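Enquirer: Have a look at this fold, sequence not included:
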């Protein structure tokens, strides 16, 4: 393994620039870090080179831990974005600088720089000064200089970014050749997808400091795991549909489950991806050659040289929401991007306004659907807590955020939302704002009916009582985060599981969220004194071990704790031992027949714990258990 | 059809005769009256009795000693100022420390303080009756006041900003990635400084040093208070000139003045040429 990064993190002030990045680059591999500007990719490169120290994590080069070694001792070749050629030295002196530092004799330096000038195709230019060279030539000199010391790894920071498109394509090819010849493990940083696909043996996609996915260009394009990568690479048709009994449903139309199956559960929402070239168009449904999705109308046509690009407008499908391409506000239907090869467009020409059947040849299910937050703002001090902590979690987890302003005084609400937007600031994956003058509970349930959310985040104080919370929980089928203080500190979470409780959903969702935030967790359970026998202890212990395993899968560091007594006492005892910022509780999902009640343990905990935020995970499992019980009874 | 952007340059041909001259004439006249005429008068007066007499006047023992003293103290000051000014600029640009902004503002103060006041301050610090001056004179045997070290110190004080202020902006705009690149190639900070940073500072350092030298050779106020007016010991050229004027030795006064002026003028031309070269080089890059 040439380059090994383990859990690298870096902050600048409040902002997370690199968030828990782990990465392996094999010997001789050409690895590309791809991301928009500000995604932290250059910082990762600087950390590998030792130009910036990481706050957390380890960097190893060829099995040697270099985390605390100065740049000078790491033997990395680095090409900077602006080339950083030494302005007061000739080209040859630039290339031989590293050798001069190592006191290599002059004749040998000369030979090496001639050799490298030949490698990069600049023979005879050794005596020029850097400012006498063109951008492309300067870039080649920078590459030769970086290779002069036969580095262990080569790091390239947007090396082609400042060049003309034509030279860029030409240099790309020679860069790949030079890398192959030198056989040195290379990381190239770029925001240019085409460059990444062209050069990378593997690509890592970064966003907001996180390494979201790593894979070969083909795997990332055809089988992405996350919504971000699916929509960032190329163009994507991404819908929110449903999986039931090993079949994929888009509305009523079912498709066979694709080969790459994951354990997503048997009856669940799923993000469905199909690329524009996977869409079939035909005048008659029999001619599609694949399963039909429905009828649509061509609304845009275009041609880019290699393919014909069409956009199809389709009527809305019950229970299906479009994620990409985005549908204009107020438009009832779905949009579909289609690419067709030239011979297809000759055989079956389409014009704007034509009707067509739409079919899907191949689809893919995202295994790591993104998180989606509903952030509640009513202008109160409590909702400011919700905004700062919700914004922080959204930035860290790259969640989509709907900011829901609730209040009757329109002008006051608008100023508040304006401030909230400013506080949320940049770094959001997507931020939508809606307002409502309805009471809080109905506003939330209206929003949740239109769109799927994973988490509602609202401000709360124990003095407000639990009555409103009960109503909110009754009206949503997702989880609830109660922010109690303006601090965004979320370092340690106490996940409370009543013994014997089906707490798997609680642990799983906590893991999904904590993974992004980089917090650690303690799984806590209480056993009553009467149950405290060896067998019960063993069972509870096993149960907690399962939880630890599933948290480990998310990369969340965790430990377990079993206390005797009731849960409230256990929580209080545990909070005295360590500084917890978040308490995670499980709650049954609302049932149309039953009333959610917080008057039990959960309500007591909520009312009696101060200076801590709460995450209430609503579980399907309770519902299933209750249904079973009902059947048995 | 080629269209070119015309810049509104005030040229004789562009807008009749009168209008351009209305602005130009007073400017030229002012410059001539204030600077060229006095210079011409000095040249004329110094050369009144011929070159031989001029040389005679400046080689008289007292005059010669004053001139040499001026030149060597200024030269020594320039060397110290170059080294320390470079260091100060580096610290002010590259490091963060409490009070940095205040210190940075103080750099320009010597230009604003009357040089006589500077002299008084230094006497109060280094005078034989003062603690520091007493310690230096009696314990170390290093006399500052009424001795050449006093001259060098006062010259250092008054010309402090020249080197620092010349280097600071260049250092500030220097591309740091070149230094990072050097470190990835194994160069330590010392090597990086000499090979990468220093070459970029040579020109501003030279022009700053030359400017401080030419400022120093004419210094009167601070020197006369700190060094006194002891012929053949601490009397500098400027102080000698005052004495000559007061004793109505007009020829001696103008001869030494002419020499000082010529040296200053030569240095100024050199410094300007360096600045110009820098400008051209920057434009070429």
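Expert: Great, that's in hand. Please read these numbers as outputs of a predicted model, since none were measured by experiment. Residues are numbered from 1 along each chain as shown, chains lettered A, B, ... in the order given.
Enquirer: Chain A against chain B: which residues are in contact?
Expert: Of all the residues in chain A, those in contact range of chain B (Cβ under 8 Å from any Cβ of the partner chain) are A:49, A:51, A:70-78, A:80-82, A:84-89, A:97-98, A:101-102, A:131, A:142, A:145-146, A:148-149. The way it works is simple: take the backbone N, C-alpha and C, and place the C-beta from them, glycine included.
Enquirer: in the stretch 451-600 of chain A, which spans are strands?
Expert: A:455-459, A:479-483, A:492-498, A:520-527, A:558-564, A:582-588 (DSSP state E, counting those that start in this stretch).
Enquirer: Kindly reformat these as JSON lines containing mean pLDDT and mean neighbour count.
Expert: Supplementary listing: the strands of the stretch 451-600 of chain A in JSON lines, determined by pLDDT from 0 to 100; neighbours: other Cβ atoms under 10 Å in any protein chain shown:
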{"stretch": "strand A:455-459", "mean pLDDT": "91", "mean neighbour count": "26"}
{"stretch": "strand A:479-483", "mean pLDDT": "91", "mean neighbour count": "26"}
{"stretch": "strand A:492-498", "mean pLDDT": "86", "mean neighbour count": "23"}
{"stretch": "strand A:520-527", "mean pLDDT": "88", "mean neighbour count": "22"}
{"stretch": "strand A:558-564", "mean pLDDT": "88", "mean neighbour count": "17"}
{"stretch": "strand A:582-588", "mean pLDDT": "82", "mean neighbour count": "24"}
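Enquirer: What residues does the stretch 151-285 of chain B have near chain A?
Expert: Contact residues, the stretch 151-285 of chain B versus chain A (Cβ under 8 Å from any Cβ): B:175, B:177-178, B:180-188, B:191, B:195-196, B:199-200, B:284-285.
Enquirer: Just the buried ones out of those, please.
Expert: Neighbour-count burial (16 or more other Cβ atoms under 10 Å in any protein chain shown) is assigned, among these, to B:175, B:177-178, B:180-187, B:191, B:195-196, B:200.
Enquirer: for those, which one is nearest residue A:118?
Expert: residue B:185 (20.2 Å; Cβ to Cβ).
Enquirer: so what pLDDT did that closest one get?
Expert: Per-residue pLDDT puts residue B:185 at 95.
Enquirer: Okay, buried residues for stretch B:141-159 please.
Expert: For stretch B:141-159, burial by neighbour count (16+ other Cβ under 10 Å) applies to B:143-159.
Enquirer: likewise stretch A:58-70?
Expert: A:59-61, A:66-67.
Enquirer: want to try JSON lines for those, with distance to residue A:398 and secondary structure as columns?
Expert: Shown next, in JSON lines, are the buried residues of stretch A:58-70 (distance: Cβ to Cβ, whole Å; DSSP: H, G, I helix; E, B strand; the rest coil):
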{"residue": "A:59", "distance to residue A:398": "24", "secondary structure": "strand"}
{"residue": "A:60", "distance to residue A:398": "27", "secondary structure": "strand"}
{"residue": "A:61", "distance to residue A:398": "29", "secondary structure": "strand"}
{"residue": "A:66", "distance to residue A:398": "29", "secondary structure": "coil"}
{"residue": "A:67", "distance to residue A:398": "27", "secondary structure": "coil"}
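Enquirer: Can you add pLDDT and give those back as JSON lines?
Expert: Compiled in JSON lines, those are given as follows (pLDDT from 0 to 100):
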{"residue": "A:59", "pLDDT": "96"}
{"residue": "A:60", "pLDDT": "95"}
{"residue": "A:61", "pLDDT": "95"}
{"residue": "A:66", "pLDDT": "95"}
{"residue": "A:67", "pLDDT": "94"}
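Enquirer: closest to residue A:371 among these?
Expert: Proximity of those to residue A:371, judged by Cβ to Cβ, is greatest for residue A:59, which lies at 29.3 Å.
Enquirer: who's that closest one bridged to?
Expert: Assessed by DSSP bridges, residue A:59 has beta-bridge partners residue A:5.
Enquirer: Just the ones of the buried ones among the residues of the stretch 151-285 of chain B next to chain A in helices?
Expert: Within those, membership in helices is found for B:177-178, B:180-184, B:191, B:200, as judged by DSSP state H.
Enquirer: any low-confidence regions in the stretch 151-285 of chain B?
Expert: Residue ranges of the stretch 151-285 of chain B with pLDDT under 70: B:281-285.
Enquirer: where do the helices sit along it?
Expert: Listed in chain order, the helices of the stretch 151-285 of chain B (DSSP state H, counting those that start in this stretch) span residues B:160-173, B:176-184, B:189-192, B:198-217, B:221-227, B:237-246, B:250-284.
Enquirer: ditto for the stretch 151-300 of chain A
Expert: Taking DSSP H, counting those that start in this stretch as the test, the helices found in the stretch 151-300 of chain A are A:165-182, A:193-199, A:217-222, A:227-232.
Enquirer: Just name the most buried of those.
Expert: Among the helices of the stretch 151-300 of chain A, ranked by average contacts under mean count of other Cβ atoms under 10 Å in any protein chain shown, first place goes to helix A:227-232 (a mean of 22).
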